[in-house]
Structure formats: C-alpha cells, structure tokens
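Novice: Show me the folded form of this:
(chains A and B, ligands or ions: 2)
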Amino acid sequence: MITIKDISHEFEIGKKGNKTIIPVLKNVSFEVNKGEIVTIVGRSGSGKSTLLNLVSGFIRPKKGEIIINGVAISTMNESKFADFRIEHLGFIFQSFQLIPSMTAYQNVELPLILKGVKENERKHRTNEILQMVGLYDYKDHYPGELSGGQQQRVSIARALIVNPPIILADEPTGSLDSETEEDLLNFIITLNKELGITFLIITHDEKVSQIGHRTIELRDGRVLEEAYAYEA
Amino acid sequence: MRLKDQFQFVRQNMKKNRTRLFMTILATAMSVAFLIVLASVGFGLHKSIVKETLERRIVTEIEVPGKEDENGGYKQLTDEDIAYFEKIIDVKAVTRRKSLQEYLFVTGNHEVFAQAVVAHMPSETKAGLELSKGRLPKAENEVVVGYHFVEELHPKDAKDDLYDERGQIKDEYRYKEDLIGQKISMNVIKLEEGKEVKEPIEVTVVGIRKQPTKEWNYDNIVFVSEGVLKQVEDFTGTPRGILKDSNNPDVEVPNIAADQYDQVKVYAKDMESVKNITNELEANNYPSYSVINELKDVNMMFTIVKTGLIFIGTIAILIASIGIYNTMTMAVTERAPDIGIMKAIGANPRTIKKIFLLESSYIGLIGATIGTLVAYGISFIVNFGLPLIIKQAFGEEPPEELTFSYIPITLPIISFLICYIVTILSGLRPAQRATKVDVLQAMRREV
Ligand SMILES: Nc1ncnc2c1ncn2[C@@H]1O[C@H](COP(=O)(O)OP(=O)(O)OP(=O)(O)O)[C@@H](O)[C@H]1O
Ligand SMILES: [Mg+2]
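Specialist: Ligands and ions are numbered 1, 2, ... in the order given. Have a look, this model is predicted:
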C-alpha cells in the first residue's frame, strides 16, 4: 500500500554563503501493507514528522521514491497530488488543524465540498460520520467551543468522510489526556478492523505504538528495527 | 468543487471582515459611478446634437456644390449633371436654382428687398414645395414668393419704428391686401459710367409659399422664370444680372454658362437611401453635403470625446482596484492558516485560486452594480435639476432637446467589463499567492 524506497532528506538552513545542511533521513526504506497499522517511534528530532510529511507530500524528498497505492507520488504535480490526496489519504494532526471559523459540521463536510459532492449526499454522509464519532449533538459548535478530545474526533471525522484507504497520523494523542487517548486508540483499532483502513501513526508514546501490527524505530534518520507484530 | 459551493464559500469568507469589504465595494462603486456619469455627459451631448441636426436639416436633402475635375478644380453643375442625378436610384427629385441679385420689389406704397431665383418648378414641387395661396406660375412674368416676402413688405416711408420689440413689422405697417394677382415691379440695376441705372420689370404674383416648418428658416425668395432672367440679362448685359464694380468698370464679370446652376439639391426617397446616394455621388467625383456628412463629423468627434471620458473613468476604476488588491492580499494573509489546512486535506491549488478570484470579482461586480444604480440616479437628478438651476441662475430656459446626461445600455456594459477585467487583474496576484501558501508553515502558525 505504501512503499518507501531509499528515502534520504536534508534541510538547508541559513542564508547564502552561510548554509548549514542538516541531514534528517538517511536511506529509509520500509513498506506498509494493506490493512496494517504501522507505528513509527523514535526520539525527538529523529525525523519522524519529516518522514510523514514526505509521505503526505507536504515536502518533496531529495532522494528516493515513495509509492502509494501503486503511484509514485514524485511523478505527480501539485494539482494532481491534491486530487490524489483527497481520494486516498486522511490526516490526523497533533493540533487537530480545524478551521476555527467553521462549525464542527462544516469542518467535517469540507473535504466533500472540495471533492464536489452534491449537497444532499454531503448532508447525509456528514451527519452519519458525526454520529459515528459521537459528536452529532455538537455539530454546530465551533472548534473553540469543543474540548481537545472532541476536536480530535472532529478531525478524525473529517479524515474519514471521504473513505480514504490510508490514514496518516502525527502524534494523534499528543494533546489528549490518557483516558481520551484510550478512547481514540480503540476507535482506531475499530476502524482498522471494520473498514480495513491502513494506518501509519507517528508517536513517542508506548501505549500508542503498541496498537501497531508493526513498529518502526527511527534513530538519527535511519530505520533501527522493525518491532513486534500486534496480535488481534 | 461545485460552482454553487464556491459561491457559498466566498460569501461566507466575505462576511469575515465586513468593514473592509464595505469600504472596498464603496470605492469600486464610486469609481464605476464616476465613469458612467462622466461618460454619460458625452453620450447626452452627442444625443442632443444628433437630434438637433436631424431636426434642423431636411434629412433627405443632399446638397451637391459642384463636380471635381481631373486637375482638382471645381466645376459648376449643368443640365448634364442634373440628368445624371435624376437617374440615380432612390432619388426623388433634383432641384436646381440659378441665382440673380437682390432687388427692390415695389407694389403700390409697399416695398421689400428680396433675392430673385430661377427655379425648376416641377422638381421643386416633387421635392416638397407647397403653396399657401395661389398657384404655380404659367406665364413668363408670373412669380411665386416666399412666406417672409409678404411678412417683410413695408411702407416706403416710416423707416425708423418699423419693427416691434419681437423683431416683426408692426401691425399698422403690414401689407394687408391680397398679394395674389398683384403686379409688382422688380427694380433691376446696372451701372453705366459709374452711375446706377434702374429698370423696373413688371411681374405678377401668382403664388405664395407656405411658412417654413422650421422656425429659423427664412424664405423671402422670389421664383422668377427663365424669361425674366433673360430680360434682366438683356438689360444689364452681364450673366445673371451681375453688377460691375463701380470702381473698376473695366474688370470683366465672370462668365456663366446659361445652363449652369448655383444651387443643386438632390432629394432622396428616404433617409436610409441618403447614404447610398452620397456614396454613388462621391464615386463619380461629386462631393456632397448631407445629414450623413454632418453626422459623420459629429459622430467622429463624439467617439473621441466619449473614449476620452471612458478612459478617464477607467483611471478611477484602476485607483479603486488598488483597494481591491490590498483587500485581497490581506484576506490571503489572514486566511493563510485555513488555506494551509485546506491544501493539506487535498484542496486543489486551482480551486483555491478560483475561490479568491471569485471573491475579487464579487467585490468588483457588487461595486459595479451599486455604482451603476447610483449613476442612473445621478443622471436622473442632473437631467431634472440642471435645467432648473440654469433657469434660476441665468433666467433662461436651456434648449428643450438638450440632454445633459444620457446612459445608453452599452455604457453600463462597458463599465462592467472594464470593472470586471480590472478586478480580475488586481485579484490575480493575491490569488496566485494563496496557492503558494506552504502547508507546513501555515499549520505551524496556527498552533
Ligand atoms: N523545515 C525545517 N527546516 C530545517 N530543519 C528542519 C525542518 N523541519 C525539521 N527540521 C529538522 O529536522 C530534524 C527532524 O525533525 P522532525 O520534526 O522530523 O523530528 P521528530 O522526529 O518529528 O521530532 P518530534 O518527536 O519532536 O516531533 C530536526 O533536527 C529538525 O530540526
Ligand atoms: Mg514530530
């Protein structure tokens, strides 16, 4: 489902003539299979977010190749990749990334609007998803009027609404307390089991990494080991 | 993204900063109103002048002053030319006149100075000559006089207080009898050894022409026959009875052929055929003068004036567009985090660009609509109020057909187009910037 082939990435810092090159990822290769939950762990600064941003297409790799669903994303231009992203990828961010001027309902509906889905179909689907994440009663609340856990559920609803085969999550529980964290993890497991959604989750939380069928550890930009598989 | 949703989205976005939006729309509306009102003055004056021209002239009349020859010279028209004119398609009549001099006409105690002209009566009739009294001449010494000929007849004495304050001859001096059938003597003059010699030629008035329909037309011409012309020429010994210069009696008077005309007018069947006839004449070296020529000049001049006014108005819109540019740039900056999120979840950069272009064109179109409505209002007030003000200030009524401001439907269309193009152009860069928002940077800022 996701193939990462020999990815290397570095950042350039500073102005011309005084450039520092920060190597972040060095020859990273691994694969995520369909229906898998793969977690990526590693110390702060080890390059986890960078790796996920590369998979998300928010940055382009300096070297190597990323193939999602059989398509090499480096071959796509920005516009094409946008269309690809809305079809195939759902995102969950540590800081939720909801649009503050839109209600929970509108935030969840947004990807369908961008996709060009008709209004009554949108309405049906949005309400369904809000019900599924248990936020139907809060649909007219603005993000500022919701708790952190509720906001994260809104963002999950937004990720789920287009039925993406893959969900990418960067520290999804980072802003949540342990009880809410547990709810979220259970929800992820359910989604994986019932809808067969593939997850690639970044975390430095052991509880989170434990839900992965496989865990990949990054250290100094290299894949250190592939850890245990999770038995359902 | 569906168009309907784009509109919905834009409307929602525009609500985010109402004051700024209002000011931008206000500036745009003002500039559009300025353009329309300014140009409407050009359109109004143009309309007034065209209307006036059409009223002043007989629109089917084409004056042909002569024929251009190969050397760039000018030839007076003769029967040969007339015969050709009469054959041109859609020509109703060709009038041709030979002018004599102004003579003192005397009947009993009354007299008047008037121009004697030999006219071709059948063509004059076809061209629309109408008599108010009497009939057309049949015999050599019968004449038809103009309406003002009778009006201006006055007693030989009492020269001082002849006219009243309206410039007309006082009632007590007017000629009260029936002029039809009256004998009038036409006093022809020639110079002999520096002295004037007078010879009265007796003519009989058989007809009086109708009062000209246009108030300012003055008609005191006397239509005489070829026979009278011959009598005049025999007496003076010069063509058309031209007077020799009393100071230089040896200078020869110009030679004028017998069938040469001083004034030739071609009358078209209707106004539509005037153009074709003029073109035909032009092609055969007959320069002509008609309502077409006059309007052509007027139209040309006003096209320039109107273009100039629209250009000045466009500058106003360009200035307003700076406001739109500014508003859109700020909107993009403010909404960068939202744009970042939208891009992250898969919004196409093209969609984002379209949304922002839509927003700026929305501002432009709302502004243009309001501006157009305001312009119509101002135009109405000006047309209604300015005549009143002029009357108050100068104590004089402005001409009735004068339109100060006229907004033809093309004017709002032109201003909408200009406004739309300008807003699109000014929204282009901000919209481009919106597509370039960096997802990661935008999302980081929000945290
Ligand atoms: N835009 C950037 N410009 C320059 N350097 C960057 C940029 N983004 C990340 N880095 C550097 O790359 C390295 C890896 O960062 P990254 O965010 O991938 O780490 P991480 O593993 O996600 O850490 P954390 O667990 O704290 O989120 C860090 O040293 C960071 O300073
Ligand atoms: Mg990180």
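Novice: which helices and strands does the longest helix that chain B contains pack with?
Specialist: For chain B, the helix that runs over the most residues, judged by DSSP state H, is helix B:349-394. When contacts are defined as 3 or more Cβ pairs under 8 Å, 6 or more residues apart in numbering or on different chains; DSSP states H and E, helix B:349-394 packs onto helix A:78-88, helix B:3-14, helix B:18-56, helix B:291-334, helix B:336-344, helix B:410-435. (C-beta placed from N, C-alpha, C; glycine too.)
Novice: can you do 10 Å?
Specialist: Packing partners of helix B:349-394 (3 or more Cβ pairs under 10 Å, 6 or more residues apart in numbering or on different chains; DSSP states H and E): helix A:78-88, helix A:104-115, helix B:3-14, helix B:18-56, helix B:291-334, helix B:336-344, helix B:410-435.
Novice: so that helix versus helix B:410-435, what angle?
Specialist: With axes from the mean of the first three to the mean of the last three Cα atoms, to 10 degrees as the basis, helix B:349-394 and helix B:410-435 are set at 140 degrees to each other.
Novice: and helix B:349-394, what's its mean pLDDT?
Specialist: Averaged across helix B:349-394, pLDDT comes to 91.
Novice: give me the residue from chain A nearest chain B.
Specialist: Relative to chain B, the nearest point of chain A is residue A:86 (2.8 Å; Cβ to the nearest Cβ).
Novice: for the stretch 201-350 of chain B, which spans come out with low pLDDT?
Specialist: For the stretch 201-350 of chain B, applying pLDDT under 70 flags the ranges B:246, B:249.
Novice: In three-state terms, how would the most centrally placed residue in chain A be classified?
Specialist: Nearest residue to the geometric centre of chain A (Cα atoms, centre = their mean): residue A:168, 2.0 Å. Per DSSP: H, G, I helix; E, B strand; the rest coil, the secondary structure class of residue A:168 is strand.
Novice: Can you tell me how far the nearest residue in space to it that is not next to it in sequence is from residue A:74?
Specialist: Counting by Cβ to Cβ, 6 or more residues apart in numbering or on different chains, residue A:200 is the residue found nearest to residue A:168 once chain neighbours are left out, at 5.2 Å. The gap separating residue A:200 from residue A:74 is 18 Å, by Cβ to Cβ, to the nearest Å.
Novice: Then residue B:392?
Specialist: Note on residue B:392: its distance to residue A:74, by Cβ to Cβ, is 79 Å.
Novice: who has more neighbours, those two?
Specialist: Neighbour tally, residue B:392 and residue A:74, criterion other Cβ atoms under 10 Å in any protein chain shown: the higher count belongs to residue A:74, 14 against 8.
Novice: Give me the three-state assignment for residue B:175.
Specialist: Under three-state DSSP, residue B:175 comes out as coil.
Novice: which residues does it contact?
Specialist: Contacts here follow Cβ atoms under 10 Å, 6 or more residues apart in numbering or on different chains; on that basis residue B:175 touches B:107-112, B:149-155, B:169, B:182.
Novice: wait, what's in contact with residue A:137?
Specialist: A:104, A:130-131.
Novice: Can you verify my assumption that the residue of chain A closest to chain B contacts residue A:114?
Specialist: Yes: if you go by Cβ atoms under 10 Å, residue A:86 and residue A:114 touch, sitting 6.1 Å apart.
Novice: Secondary structure element holding residue B:93?
Specialist: Element membership for residue B:93 (DSSP states H and E) is strand B:91-107.
Novice: And that strand, how far out from the chain middle?
Specialist: Computed by Cα atoms, centre = their mean, to the nearest Å, the chain-centroid distance of strand B:91-107 equals 29 Å.
Novice: Any buried residues in that strand, and which?
Specialist: Buried residues in strand B:91-107, defined by neighbour count with 16 or more other Cβ atoms under 10 Å in any protein chain shown: B:91-98, B:100, B:103-107.
Novice: what does stretch B:417-424 give?
Specialist: Buried residues in stretch B:417-424, defined by neighbour count with 16+ other Cβ under 10 Å: B:418-419, B:422-424.
Novice: Dump those residues to TSV, plus pLDDT and distance to chain A.
Specialist: Below are the buried residues of stretch B:417-424 laid out as TSV (pLDDT from 0 to 100; distance: Cβ to the nearest Cβ, whole Å):
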residue	pLDDT	distance to chain A
B:418	93	31
B:419	93	29
B:422	93	27
B:423	93	24
B:424	93	21
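Novice: In chain A, where's the longest helix?
Specialist: helix A:178-195.
Novice: Which one of the contacts of residue A:137 is nearest to ligand 1?
Specialist: residue A:104 (26.9 Å; Cβ to the nearest ligand atom).
Novice: which regions of chain A lie under the pLDDT threshold?
Specialist: Residues of chain A that meet the cut-off, pLDDT under 70, sit at A:225-232.
Novice: mind listing the strands for it?
Specialist: A:2-13, A:20-32, A:37-42, A:63-68, A:71-72, A:89-93, A:166-170, A:198-202, A:214-219, A:222-226 (DSSP state E).
Novice: May I see these organised as CSV, with distance to residue B:269 added?
Specialist: Listed next are those as CSV, based on distance: least, Cβ to Cβ, whole Å:
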stretch, distance to residue B:269
strand A:2-13, 85
strand A:20-32, 90
strand A:37-42, 93
strand A:63-68, 81
strand A:71-72, 77
strand A:89-93, 79
strand A:166-170, 83
strand A:198-202, 87
strand A:214-219, 96
strand A:222-226, 97
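Novice: Which one of the ones you listed lies nearest to residue B:288?
Specialist: Across those, residue B:288 has its closest neighbour in strand A:71-72 (77.0 Å, Cβ to Cβ).
Novice: How far does that closest one sit from its chain's centre?
Specialist: In terms of Cα atoms, centre = their mean, the centre of strand A:71-72 is found 18 Å from the chain centre.
Novice: For that strand, which helices and strands make contact with it?
Specialist: By 3+ Cβ pairs under 10 Å, 6+ apart, strand A:71-72 packs against helix A:78-88.
Novice: Would you mind listing the buried residues in the helix it packs on?
Specialist: Under the neighbour-count criterion of 16+ other Cβ under 10 Å, helix A:78-88 has A:81-86, A:88 buried.
Novice: Check the separation of the first and last residues in stretch B:83-94.
Specialist: 9 Å (Cα to Cα, to the nearest Å).
Novice: got a list of contacts for it?
Specialist: Against stretch B:83-94 from outside (Cβ under 10 Å, 6+ apart): B:60, B:62, B:64, B:67, B:77, B:81-82, B:96, B:120, B:122-129, B:261, B:264-270, B:272-274, B:276-277, B:280-281, B:284, B:286.
Novice: Generate a PyMOL selection restricted to the buried subset of these.
Specialist: Applied in PyMOL, the following selects the buried portion of those according to 16+ other Cβ under 10 Å:
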select buried, chain B and resi 60+62+64+67+77+81+82+96+120+123+124+127+129+261+264+265+266+267+268+273+274+277+280+281+286
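Novice: So residue B:212 is in contact with residue B:148, correct?
Specialist: Yes: with contact defined as Cβ under 10 Å, residue B:212 counts as touching residue B:148 (8.4 Å).
Novice: more crowded one of the two?
Specialist: residue B:148 (18 against 13).
Novice: give me every residue that touches residue A:46.
Specialist: Counting by Cβ under 10 Å, 6+ apart, residue A:46 touches A:24-25, A:40, A:204, A:217-222, A:224.
Novice: coming back round to it: tell me the most packed of the contacts of residue A:137, by neighbour count.
Specialist: For these, the largest neighbour count, defined by other Cβ under 10 Å, is 29 neighbours, found at residue A:104.
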